[in-house]
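>>> Got a predicted structure here, sequence first:
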Number of protein chains: 2
Amino acid sequence: MDKRLRFISHLRCFESAARFQSYSQAARELSVTQAAVSQQIRNLEQQLGVKLFSRQGRNMLLTQQGQTLAEYVRQAFSTLSSGFDKIMVEPEDGVLTVTASLSFSSVWLVPRLWKFSSQYPNISVRAVASAQLEDLRYSDIDVAVRQADEIKADVHQEVLIVDPVYPYCSPNLVEEMDLHSPEKLADCWLVEAIDPGRFSWKTWFDTAGVKMQRELISWIEVTTWEMGLNAVMSGHGVCLASASMASELVNKGLLVRPFDIPIEPGLKFTLLYDKESPKLARINIFAEWLKTELTQGDSSPISVARPTEHNLRP
Amino acid sequence: MDKRLRFISHLRCFESAARFQSYSQAARELSVTQAAVSQQIRNLEQQLGVKLFSRQGRNMLLTQQGQTLAEYVRQAFSTLSSGFDKIMVEPEDGVLTVTASLSFSSVWLVPRLWKFSSQYPNISVRAVASAQLEDLRYSDIDVAVRQADEIKADVHQEVLIVDPVYPYCSPNLVEEMDLHSPEKLADCWLVEAIDPGRFSWKTWFDTAGVKMQRELISWIEVTTWEMGLNAVMSGHGVCLASASMASELVNKGLLVRPFDIPIEPGLKFTLLYDKESPKLARINIFAEWLKTELTQGDSSPISVARPTEHNLRP
DNA sequence: CTTATCCATAAGTTTTACTTATATAACCTT
DNA sequence: AAGGTTATATAAGTAAAACTTATGGATAAG
């Protein structure tokens, strides 16, 4: 056993710092402080008796010897990763833990899980609702589905669909309020998220070419898409929602889309998982099913206003 | 950065245990306790979620997955060792620290270092005398020369010579005591080490075919070969010493070998160094010089009794 | 010149890796 | 069968390593 392998744990810091040429960035990657990285590398240099980095202002450049070692370390780490991959593969069958927002979980995912289960009876899906993205690398959660324009996470990301966002309300309200033009919406209660971002009623009215006077409208504020949908389903105003999320309710005749005017680009649905997960086989099956289900789920609305001339849709 | 590399330091225990199929032997190799190895491997198995060993009575057999991982780890470690080798090579020039027994250091090595230095002026040798073999892997000592039949050490060993052991005394004593037959030695003071092992006067007399009566002989006990040589050099009796150690003194006419009857196999001189030392180039130069010097140093004695018929020498 | 960013270092804190002690099982010898 | 030896497993305790926090110095950019 090579005695120099006693310092093997230091090599993680070394390899990361070598790649970034920066201790701070290495520290971020490894989720430790800069000082920890600095000390580990100093320690490694002392033990090996070799100077691996030379400081150039704020950059840590590799010495010739540092470059040589970095190459070998990279190769060794790659070999180890391959070894781990080889022994850590789980079969397709088994449990899969999926996390998504409360809205998506309750409105979309959970109502459809029976479909997945009947198609893949040997895969058991456990749904976990969470407001934030959960850790996918170091926790026991395997897959996440999130709705956001950009997700900062150090895992694999895959856009499933970009879901247009339309107004939705109960069928009764369409008749009751005679909703045949976008302007008429100003007479209704409008349901809006506390922090809607791009998916605000203002954005929609702009898209529809209608001038909105916020102070003349009655507002209902909600914290989740689900709450919005639940509100309008019982006749309380009109809300904005993505087509997929509303599709089940529309299919059941509980909601209609009064105007076929979307906010686009719509709501991005992203699938996230750890590329190094031993459950990759299982995750891939779920991902395919999810993608299919999301794209097929956008069926035509039962009742909808015709497009105006400046907003033609195929 | 592969998150599974967090467990990289556990892989030392794993690889050793895999090779030995024994935690105890791994523990010995790594200089830790069996319990430490057991816990590290249990930890690794838990973290990876993979069973790596299965117990068969007193053996720890690798599972299929354990075997697979062991192969990858071996390969990765080999790559790292190569990397270390590549960056840790020192040039031929520089300092070399040599350890040897007090006797060899003072009687043989130090008096000859000027020869090495003039031949290799860019290599500076530092001689360290020690009663025991020093640690060559984790200390700053590069090379050891020891005299012993068997040396237990986890480093590279190379027999330099097997040096015959003869009686030596001052030239005056040969005349004074008329030492023309081995039997005459019983009338002299005999110098012997406290724990001579194979190199006792009894062994020599047996070799010479002379019956020794210990209680009729006057004894001087010494702790080192050097002390013995110093004693007889000043006329105090006869001591046993290896040819090389005595050669300088013989050449200078300070000692003679009264009888050309050796104890053989003689005293084994072994060179030891760490095969992974960055100073290998330097060590090899020193080793070659040492070997040459030791074999050339066994010159003929100035005054010696002729061999008897049952102890002919070429 | 000021501000921001980066690494180096010392001191303190937390976590990991180790040791010791003991239990259990397997193996060997008489 | 009994007794002794050898091997690993585990719990509790200890020591060492790895980390954090705080601070200083250097550099780069505005």
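Cool, the structure landed.
>>> mind checking the backbone torsions on the residue in chain A sticking out farthest from the centre?
No residue in chain A sits farther from the centre than residue A:49, which is 46.2 Å out by Cα atoms, centre = their mean. Phi and psi for residue A:49, reported as degrees, to the nearest 10, are phi 70, psi 30.
>>> What's the first helix or strand after the helix or strand where residue A:168 lies?
Assigned by DSSP states H and E, residue A:168 belongs to strand A:156-168. As assigned by DSSP H and E, the chain's next helix or strand after strand A:156-168 is helix A:171-176.
>>> Name the next helix or strand following that next one along the chain.
Following helix A:171-176 in sequence order, the next helix or strand is strand A:189-193 (DSSP H and E).
>>> Please list the residues outside that following strand that contact it.
A:199-201, A:217-225, A:228, A:231-232, A:236-240 (Cβ atoms under 8 Å, 6 or more residues apart in numbering or on different chains). In short, each C-beta sits where N, CA and C put it, glycine included.
>>> How far does it sit from its chain's centre?
Offset of strand A:189-193 from its chain centre (Cα atoms, centre = their mean, to the nearest Å): 24 Å.
>>> Check stretch A:213-229 too.
Taking Cα atoms, centre = their mean, one finds the center of stretch A:213-229 at 24 Å from the center of the full chain.
>>> Which residue ranges of the stretch 201-314 of chain A form helices?
Here the stretch 201-314 of chain A has its helices, by DSSP state H, counting those that start in this stretch, at A:201-208, A:225-233, A:243-251, A:280-296.
>>> quick one on the thing from earlier: just the buried ones from the contacts of strand A:189-193, in ChimeraX syntax?
Selection of the buried residues among the contacts of strand A:189-193 in ChimeraX, burial being defined by 16 or more other Cβ atoms under 10 Å in any protein chain shown:
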select /A:199,200,201,217,220,222,224,225,228,231,232,236,237,238,239,240
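>>> Mind checking which of the contacts of strand A:189-193 are in strands?
Those of those mapping onto strands are A:218, A:219, A:220, A:221, A:222, A:238, A:239, A:240, per DSSP state E.
>>> Near the closest residue to residue A:203 other than its chain neighbours, how many other residues are there?
Nearest non-adjacent residue to residue A:203, counting by Cβ to Cβ, 6 or more residues apart in numbering or on different chains: residue A:263, 5.4 Å away. As a burial measure, residue A:263 scores 21 neighbours (other Cβ atoms under 10 Å in any protein chain shown).
>>> again with residue A:180
12.
>>> Residue A:234 too?
9.
>>> can you check residue A:59 too?
For residue A:59, the count of nearby residues is 12 (other Cβ under 10 Å).
>>> I'd guessed it sits against residue A:23; true?
No. Contact status for residue A:59 versus residue A:23: not in contact, 10.0 Å apart, counting by Cβ atoms under 8 Å.
>>> that older thread, does the residue nearest to residue A:203 have beta-bridge partners, and which?
Going by DSSP bridges, residue A:263 is paired in beta bridges with residue A:165.
>>> relative to helix B:64-87, how tilted is the longest helix seen in chain A?
Taking DSSP state H as the criterion, chain A has its longest helix at helix A:64-87. Interaxial angle, helix A:64-87 versus helix B:64-87 (axes from the mean of the first three to the mean of the last three Cα atoms, to 10 degrees): 170 degrees.
>>> ok, now which ones touch the closest residue in space to residue A:66 that isn't next to it in sequence?
In space, residue A:66 comes closest to residue A:52 once its chain neighbours are excluded; the distance is 3.7 Å by Cβ to Cβ, 6+ apart. For residue A:52, the contacting residues are A:14, A:18, A:41, A:44, A:45, A:62, A:63, A:65, A:66, A:69, by Cβ under 8 Å, 6+ apart.
>>> just residue A:80 next, same as before
So residue A:80 contacts B:2, B:4, B:5, B:8, B:11, B:72, B:73, B:76 (Cβ under 8 Å, 6+ apart).
>>> Tell me the one among the residues you listed nearest to DNA strand C.
Closest approach between the contacts of residue A:80 and DNA strand C, by Cβ to the nearest atom of the strand: residue B:8, at 8.9 Å.
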